[in-house]
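# any chance you can model this:
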Amino acid sequence: MKTATFLLALLISATSLIAQKNHQKYDVLIRKADSLYQVKEYKNSGLAFSDAFNAPDAKITMNHRYNAACSYALANNADSAFFYLNYITTLMNYTNYGHIKSDPDLKSLYTDSRWNPLIEIVKANKDKAFAGLDFITLNGYKVEVYTTGMKNNQMNKPVIVFENGMADTYDRWKAIIDEVSKTNAVFAYNRPRIGESEDDSLPPTTEHIVNNLREMLIEKGLKPPYLLVSHSFGGAYIRSFASYYPNEIAGLIFIDPIDFTKKEEMGDLPYLEIGLTQHQIDSIFGQPYKNFIERLYTEMPGYYVEEVKISRQLTKTDFEECDRNPLPDVPVHFIKAGGFSDSEPPTIYDREEMWRINSNIQMKRWLELLYPLKYGKLFYCSNSSHFVQTDEPDLVISSIKLALTDYDKIQKANKTNTQNVSSK
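Now for the predicted structure:
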């Protein structure tokens, strides 16, 4: 399940007021549906999704329909679950075959006669959308990879490499890949355990994943330099890649990344700024938090749990694996999602205010990383959810193209400097 985005608008006229009320109704119902899902009221969650979809002028996303199907499946309402799943597979060309096959929310549907035909449609959608799909064997285990734009694979021309968010698949990059592969070779893949990649039984540490990625790129004939593009938890992996192999990097693009600039002593800052006492902060991260983590480990699929464990390890060590070396002086972009959405129950502080305080603190730290760089940039997306690559793919495409342009400038400047030195 993923939480929904929301839209803020000004009331300008009677007509716009009606439109805004309609959209607010949709947004409120989506939030309600997500909240009910979180507290395991699955039947009511499904009904809230259905109500939202009937709201006038509702902007229904594939993700919302999928989430509705999950709620109905968990409520043992197979007919409604299949209604929404059939809609996204046949009318919206849903392609995430690996995810839908392993999503524990849909287990109640596995024995239904409609399940296998549905899965076959998803697989066909995926095969059609990702014609360059292949598998690479690493240490006896298959890893799912997708390459395209190979005609653009030329010496010293950056290869664009995509690193997914936590437990996510490369399907989410499709619109962006289709565009940037027109000019550059592109490599995307699913980490072990995710999608159709096999379980290699090894913890997905940054060193392990970086070494895997580098080996696969070489096997595919994709030599550096690499423009690495990441989402969320994937940011830890590309930051580590740049730390291990700085001379192979053409650029780094971090999309709403895990905050690898955060140190242990910084964790309380947003809570203190919002006005909580140290006692209140300690109570939040005491036993209730430990209970939440333990429940997550037992309820979530293994591929998700393993990456959560690595995320927690990185946090405990102040992300020392990621930033053992400074960022290389290449184009580095941070893209920050500014659209707040929340499905969690009320707490002792205003969640949106806390989220914005924390976002401001993060961006200040990211700017400090960018100051020494010649081509460092930060983009703020005021209305985008955490999944910027699906909410605003054009922005990510523009970021990639800008990074490639700036990398060319660096190369030309280096060539000119070399020629000037040689002529003296």
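# all strands of the stretch 101-250 of the chain, in order?
For the stretch 101-250 of the chain, the strands defined by DSSP state E, counting those that start in this stretch cover 133-138, 141-148, 159-163, 186-189, 226-231, 249-255.
# got it, and the stretch 251-400 of the chain?
Going by DSSP E, counting those that start in this stretch, the stretch 251-400 of the chain shows strands at 332-337, 376-381.
# output these as CSV; include the columns mean pLDDT.
Formatted as CSV, those follow (pLDDT from 0 to 100):
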stretch, mean pLDDT
strand 332-337, 97
strand 376-381, 96
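# Ser71: which element?
Secondary structure assigned from DSSP states H and E places Ser71 in helix 62-74.
# contact partners of that helix?
1-2, 4, 30, 33-34, 36-37, 40, 42-43, 45-46, 49-50, 52-53, 78, 80-85, 87-88, 92, 94, 103, 105-109, 387, 390 (Cβ atoms under 8 Å, 6 or more residues apart in numbering). Just so you know, the C-beta spots here come from the backbone N, C-alpha and C atoms, and that holds for glycine as well.
# tell me how far that helix lies from the chain's centre.
Relative to its chain's centre, helix 62-74 lies at 19 Å (Cα atoms, centre = their mean, to the nearest Å).
# all helices for the stretch 51-200 of the chain, in order.
Using DSSP state H, counting those that start in this stretch, the helices of the stretch 51-200 of the chain run over 62-74, 78-90, 97-102, 115-129, 174-180.
# between these, which gets nearest to Asp282?
The closest of the helices of the stretch 51-200 of the chain to Asp282 is helix 62-74. By Cβ to Cβ, the value is 33.8 Å.
# quick check: angle from the closest one to helix 78-90?
On the basis of axes from the mean of the first three to the mean of the last three Cα atoms, to 10 degrees, helix 62-74 is oriented at 150 degrees to helix 78-90.
# quick check: Tyr87 vs Asn93, distance?
11 Å (Cβ to Cβ, to the nearest Å).
# just the local confidence number for the closest residue to Glu307 other than its chain neighbours, please.
Among residues not flanking Glu307 along the chain, Met166 sits closest, at 4.9 Å (Cβ to Cβ, 6 or more residues apart in numbering). According to the prediction, Met166 has pLDDT 95.
# low-confidence ranges in the stretch 301-424 of the chain?
342-346, 421-424 (pLDDT under 70).
# so which residues of it form helices?
For the stretch 301-424 of the chain, the helices defined by DSSP H, counting those that start in this stretch occupy 302-316, 351-370, 388-391, 393-423.
# show me what the shortest one is packed against.
When you say that, I think you mean helix 388-391. Judged by 3 or more Cβ pairs under 8 Å, 6 or more residues apart in numbering; DSSP states H and E, the packing partners of helix 388-391 are strand 332-337, helix 393-423.
# the second one too?
In terms of contact count using 3+ Cβ pairs under 8 Å, 6+ apart, helix 351-370 is assigned the packing partners helix 269-274, strand 332-337, strand 376-381.
# got the buried residues for the first one?
With burial defined by 16 or more other Cβ atoms under 10 Å, the residues of helix 269-274 counted as buried are 270-271.
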